[in-house]
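Asker: Sequence plus predicted model, see below.
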Amino acid sequence: MSLNRRYVPDLRKMAAACEGNYVRLNKLLPNFELGYEKTFSVKSDRHQGKVTLVVVESFPYTSTIRVEQENTSSQWLQSPSMLVRLYHDARSAEVTSYQNQKRIEGKYLYPNEHMRMPDEKAQLNQFLAEWLTHCLKHGHAERELDFSPFS
């Protein structure tokens, strides 16, 4: 991406990524009630980790899911963690926080104070898509916990 050109978000691509993430999350997490949790063991050729999905907020039209990975093979890498807001009426899911960085804007001027890329939000939603796809292809459910008050 050229630093001289202004970044213009591709809203169709962003919407497609968010709609795809909603579908993937529905396949991985069949319950969006508060407290519902599901953990997957994910293995690759050289690494093993656990991905946990936890419903941290649940309302009639929205839910918030915490997606975290625990790496068992590396102690010096920070494991990815994000909050994802699901909009049930729009069937869309977007990343709202990454590594405890709240409020991710749709675009940033570059350079900026936190050195975020101009398309940071689009990159995070694409990362979530790849992460969830990997869980669907290679993940094995380890545990499923339901702490909802109505179960």
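Answerer: That came through fine.
Asker: Tell me which stretches of this structure form strands.
Answerer: All strands of the chain, identified by DSSP state E, fall at 37-43, 48-58, 62-71, 81-87, 92-98, 101-102, 139-145.
Asker: so which of the ones you listed comes closest to Ala16?
Answerer: Among the strands of the chain, strand 92-98 comes nearest to Ala16, with 9.9 Å by CB to CB. From N, CA and C alone the C-beta is placed, and that goes for glycine too.
Asker: Mind pulling up the pLDDT for the spatially most central residue of the chain?
Answerer: What sits nearest the mean C-alpha location of the chain, by CA atoms, centre = their mean, is Leu128, with 4.3 Å. Leu128 is assigned 95 on the pLDDT scale.
Asker: Same question for Leu3.
Answerer: Reported pLDDT for Leu3: 51.
Asker: now do Thr39
Answerer: For Thr39, pLDDT reads 92.
Asker: And for Ser92?
Answerer: Value for Ser92, per-residue pLDDT: 97.
Asker: What count of nearby residues applies to the nearest residue to it once chain neighbours are set aside?
Answerer: Of all residues not flanking Ser92 in the chain, Cys18 sits nearest, at 4.3 Å (CB to CB, 6 or more residues apart in numbering). If you count neighbours by other CB atoms under 10 Å, Cys18 ends up with 22.
Asker: do the same with Gln101
Answerer: For Gln101, using other CB under 10 Å, the count is 12.
Asker: Quickly list what it is bridged to.
Answerer: Tyr98 (DSSP bridges).
Asker: ok, the closest residue to Lys43 other than its chain neighbours to Val84 distance?
Answerer: Using CB to CB, 6+ apart and skipping the chain neighbours, the partner closest in space to Lys43 is His138 (6.4 Å). According to CB to CB, to the nearest Å, His138 and Val84 sit 20 Å apart.
Asker: Looking at these two, which one has more neighbours?
Answerer: A direct count of neighbours by other CB under 10 Å for His138 and Val84 places Val84 higher, at 25 against 12.
Asker: Report the beta-bridge partners for the nearest residue to the more buried one once chain neighbours are set aside.
Answerer: For Val84, ignoring the flanking residues on the chain, the nearest one in space by CB to CB, 6+ apart is Ile65 at 4.8 Å. Counting by DSSP bridges, Ile65 forms beta bridges with Val55, Val84.
Asker: May I have the distance across stretch 97-109, first residue to last?
Answerer: Stretch 97-109 has an end-to-end distance of 19 Å (CA to CA, to the nearest Å).
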